[in-house]
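# just coords:
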């Protein structure tokens, strides 16, 4: 991570994230409906048509007696678990899909049973997805869980997870059940998992509640559930509810991971992150904070991540480089299908954004919170925006909050370039250079818009190049998709998102 803190370079570099939507396809659905278009023989259940149903009770009855393998075929390419079921026998359930496997309801392995999940028939293109109500419970931690050919170690508490990661950083681990950390009565003084993760941690749709960290040391590691995620590491399918992260020493701070060089996917965070540094101090560099991740490098990615956590730095930081704060991430590259709804109140920051403080290669994402950054100790100016404080290479994204800064402030970005097919509606920001879309526009923008009525701003840019940025009335923005917006990406409905355009694959929650 040593090379990622050059935040005065306004135009950033990184590797583009590819966030393609997966279209709905014919599926084998495990549901409460009667079994239909399925043939089960010798422990294998296969569809006979592209839309097939396997009754959850029928499946549980078969598992009580023997192993069962559910496969796709006959046009059906995905497996969807839409109803709850459980089994207490030692039988193994195998879900083997040509493409994706998804859980929309809880499944419980209530005995010594086992589960194998295969996506893309063992290839690399399929996905395992847990929807809001979907999760996998294991009552016996010695049960076997195999996902994509890898065996996972089941854990039920953070102490065990920390020990297992310390012993095998590149191992694969899964959370067997929801876990409540105990909140303030069991506050951590550092990240629960201090060893950087180079393997996989799959939350299996579970929730870790009330994680509280009160950091007072200055040990230069990240602060969050994980201190760091290495290039080979992945954290996915996890909810963090009501986190409380606080520090008086500037550092990388967040809910999921302080530092990320790997992948964060399908995570949800709520709560608060607050940094109140003392000055002067002996820590290196300024603070970087976000709801999901503090800093995510160019080798890392953040996909399908969502935060409602508030992020605050209520005092200025006596540092050469200032600080960075974002509702989702302080610094990040390669972000897609993500959102942040909490406010970012960071007058001690040089960069603040409703989604990301400083970032690039962002797509199909949005932010609704307000962002404040006023730090200007070196005279370079603070940068605040409804989506990003400073950023480039941004596509198909929007912001409805306000960016307030001492120097460059915009409804979308304090400073930005190469933004396409995006819009902002936030109230007129306050800054030396403020605009409905950019505080400072660097050009190469296409099909971008700001709401002239809600922003009460007649200019898209406070200064710089605003070519490609157009002002629209509130009525126009709500009545039709703006020119250039792809109808396969965007949709508009008067009952969704207050009538403003929204992202089909990342709708407002």
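Right, received. Where do you want to start? Fair warning: this is a prediction, and the values are worked out from it, not measured in the lab.
# ok, what's across the strand from the spatially most central residue of the chain?
Taking C-alpha atoms, centre = their mean, the centroid of the chain lies closest to residue 305, which sits 1.3 Å from it. On the basis of DSSP bridges, residue 305 is bridged to residue 267.
# what distance do you get for it to residue 290?
Counting by C-beta to C-beta, to the nearest Å, the gap from residue 305 to residue 290 is 10 Å. (C-beta placed from N, C-alpha, C; glycine too.)
# same check on residue 381?
Going from residue 381 to residue 290 by C-beta to C-beta gives 21 Å.
# likewise residue 371?
From residue 371 to residue 290 the distance is 12 Å (C-beta to C-beta).
# what do the two both touch?
Shared contacts of residue 371 and residue 290, defined by C-beta atoms under 8 Å, 6 or more residues apart in numbering, are found at 325-327.
# I'd like the residues you listed as TSV, with neighbour count appended.
Output for those, formatted as TSV (neighbours: other C-beta atoms under 10 Å):
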residue	neighbour count
325	37
326	41
327	36
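# related to what we said a few turns ago, mutual contacts of residue 305 and residue 290, please.
With C-beta under 8 Å, 6+ apart as the test, residue 305 and residue 290 both reach residue 328.
# now the stretch 351-500 of the chain, which segments are flagged as low pLDDT?
Counting by pLDDT under 70, the stretch 351-500 of the chain shows low-confidence ranges at 377-379.
# how about 90 then?
374-381, 405-406, 428-432 (pLDDT under 90).
# ok, which stretches of it are helices?
Here the stretch 351-500 of the chain has its helices, by DSSP state H, counting those that start in this stretch, at 452-455, 474-479.
# so what's the gap between the longest helix seen in the chain and the chain middle?
The residue-count maximum for a helix in the chain (DSSP state H) belongs to helix 158-167. Its chain's C-alpha centre and that of helix 158-167 lie 23 Å apart, by C-alpha atoms, centre = their mean, to the nearest Å.
# sort out which residues of that helix are buried, please.
For helix 158-167, a neighbour-count test (16 or more other C-beta atoms under 10 Å) marks 158, 161-162, 164-165 as buried.
# list just the nearest of the residues you listed to residue 509.
Each of these was scored against residue 509 by C-beta to C-beta, and residue 158 proved nearest at 26.5 Å.
# any idea how far the closest one is from residue 173?
Residue 158 is 11 Å from residue 173, by C-beta to C-beta.
# show the pLDDT at the nearest residue to residue 27 once chain neighbours are set aside.
Leaving aside its chain neighbours, residue 27 sits nearest to residue 78 (4.3 Å; criterion: C-beta to C-beta, 6 or more residues apart in numbering). Residue 78 carries a pLDDT score of 97 in this model.
# now do residue 310
Predicted confidence (pLDDT) for residue 310: 98.
# so what does residue 57 look like in phi/psi?
phi -70, psi -40 (degrees, to the nearest 10).
# circling back: could you dump the shared contacts of residue 371 and residue 290 to CSV with pLDDT?
Output for those, formatted as CSV (pLDDT from 0 to 100):
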residue, pLDDT
325, 95
326, 97
327, 98
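# what about these, which are in strands?
Using DSSP state E to define strands, the subset of the shared contacts of residue 371 and residue 290 located there is 325-326.
# quick one: which of the shared contacts of residue 371 and residue 290 is nearest residue 226?
For the shared contacts of residue 371 and residue 290, the nearest to residue 226 is residue 326 (18.2 Å; C-beta to C-beta).
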